[in-house]
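**Student:** build me a model from this:
(one chain, ligands or ions: 1)
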Amino acid sequence: METKKEYTDKTLTCRDCGKEFTFTAGEQDFYAQKGFQNEPTRCPECRASRKSSNGRRG
Ligand SMILES: [Zn+2]
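**Tutor:** Prediction:
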């Protein structure tokens, strides 16, 4: 049997562009599974642009 933690959507502010974005329950679950301790500090757009600019695909 699996125990599932329940998450709720959270609104965070991007440190790059200052825009508010949603850290969704699904993303929080994903982060927890990966063992990430920190919440995302950038909105998906800024994360995407950083990703594409360093040329690696993950
Ligand atoms: Zn941003």
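
**Student:** the residue lying closest to Thr13 once chain neighbours are set aside: what's it in contact with?
**Tutor:** The shortest distance from Thr13 to any non-neighbouring residue, by CB to CB, 6 or more residues apart in numbering, is to Glu20 (5.4 Å). Any C-beta I mention is one placed from the backbone N, CA and C, and that applies to glycine too. Residues counted as contacts of Glu20 (CB atoms under 8 Å, 6 or more residues apart in numbering) are 11-14, 43.

**Student:** now the helices for the protein?
**Tutor:** 25-34, 44-53 (DSSP state H).

**Student:** is any part of the last one close to the ion?
**Tutor:** Translated: helix 44-53. Yes: Helix 44-53 comes into contact with the ion (CB under 5 Å from the ion), by way of Cys46.

**Student:** which pLDDT value goes with Glu6?
**Tutor:** On the pLDDT scale, Glu6 is placed at 85.

**Student:** now do the same contact list for it.
**Tutor:** Contacts of Glu6 by CB under 8 Å, 6+ apart are Ala25.

**Student:** circling back to that earlier point, ok, of the contacts of Glu20, which come out buried?
**Tutor:** 14, 43 (16 or more other CB atoms under 10 Å).

**Student:** which of the contacts of Glu20 come close to the ion?
**Tutor:** Filtered for proximity to the ion (CB under 5 Å from the ion), those shrink to 14, 43.

**Student:** for Gly18, see how far away Phe36 is.
**Tutor:** Computed as CB to CB, to the nearest Å, the Phe36 to Gly18 distance reads 23 Å.

**Student:** actually Phe30, not the one I wrote
**Tutor:** Using CB to CB, Phe30 is found at 24 Å from Gly18.

**Student:** burial count for Lys5?
**Tutor:** Summarising burial for Lys5: neighbours were counted as other CB atoms under 10 Å, giving 8.
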